[in-house]
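Novice: give me the fold of what follows.
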Amino acid sequence: MQTSPHQPTPPSPPAPPDPPEAARMSGALVFVLVVVAAHALGTAFGGWAVLEENQNKQEHGQELLLPMGMAWFVALCCWGLAALQVVCVALARKRRPWVRVVLIVCLGLAALSTGAGFLGSLAAGMPDLAVFVIACVDVAAVWLVSGEAARRYFSVRGHQATGSSWTP
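Specialist: As a prediction, the model looks like this:
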């Protein structure tokens, strides 16, 4: 049977929607991750420095900064915190929401401690400009990671943003 030219053709099925583009990490979040990586290095070095100074004082018969057990505890806490920060930096591309929370807490603690360090240098009568700058950078990093752009970035899982059908 032939179709007449006046007969309507059946509609074609709608085209599937394009997969959403992978959201790129903003430059501000990259800045935050660089700050966190720098803090991780400093924290790891700080743990080593406490042990090294304590052992140096012990070798020279001087009074220890901390009892040796406490120095090891402080060093292990520093190294654990540094490892957590490195894990957060590494997993930031996977867009896990808990990473943002950990970043906020770690950066908040860093901002508080550098702020206290600057106030301590003021109280001693020798204001330390470098500590003030680091405290300002820490506050800016907390503000950025607490903001709407970071919330949106970390609220969508990486595989959902790239259109992949695999789910863990």
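Novice: all the helices of this protein, residue numbers only.
Specialist: Per DSSP state H, the chain carries helices over the ranges 27-59, 68-91, 97-123, 129-146, 148-155, 158-162.
Novice: buried sites along the first one?
Specialist: When you say that, I think you mean helix 27-59. Judged by neighbour count (16 or more other C-beta atoms under 10 Å), helix 27-59 contains these buried residues: 28-29, 32-33, 35-37, 39-40, 42-44, 46-47, 50-51, 54. Using the backbone N, CA and C atoms, a C-beta is placed for each residue, glycine as well.
Novice: please name the nearest non-neighbouring residue to the spatially most central residue of the chain.
Specialist: Nearest residue to the geometric centre of the chain (C-alpha atoms, centre = their mean): Leu103, 4.1 Å. Closest residue to Leu103 apart from its sequence neighbours, by C-beta to C-beta, 6 or more residues apart in numbering: Val145 at 4.9 Å.
Novice: ok, Gly61 - how many residues close by?
Specialist: Using other C-beta atoms under 10 Å, the number of residues around Gly61 comes to 6.
Novice: how about the backbone phi and psi for it?
Specialist: Backbone torsions of Gly61, given as degrees, to the nearest 10, read phi 70, psi 20.
Novice: before we move on, what about Met126?
Specialist: Main-chain torsions, Met126, degrees, to the nearest 10: phi -130, psi 80.
Novice: for it, grab the count of nearby residues.
Specialist: For Met126, the neighbour count with other C-beta under 10 Å is 8.
Novice: how far away is it from Gly117?
Specialist: 12 Å (C-beta to C-beta, to the nearest Å).
Novice: same check, this time on Ala140
Specialist: As for Ala140, its distance to Gly117 is 17 Å (criterion: C-beta to C-beta).
Novice: coming back round to it: what sits against the residue nearest to Leu103?
Specialist: Counting by C-beta atoms under 8 Å, 6 or more residues apart in numbering, Val145 makes contact with Leu29, Val32, Arg100, Leu103, Ile104, Leu107.
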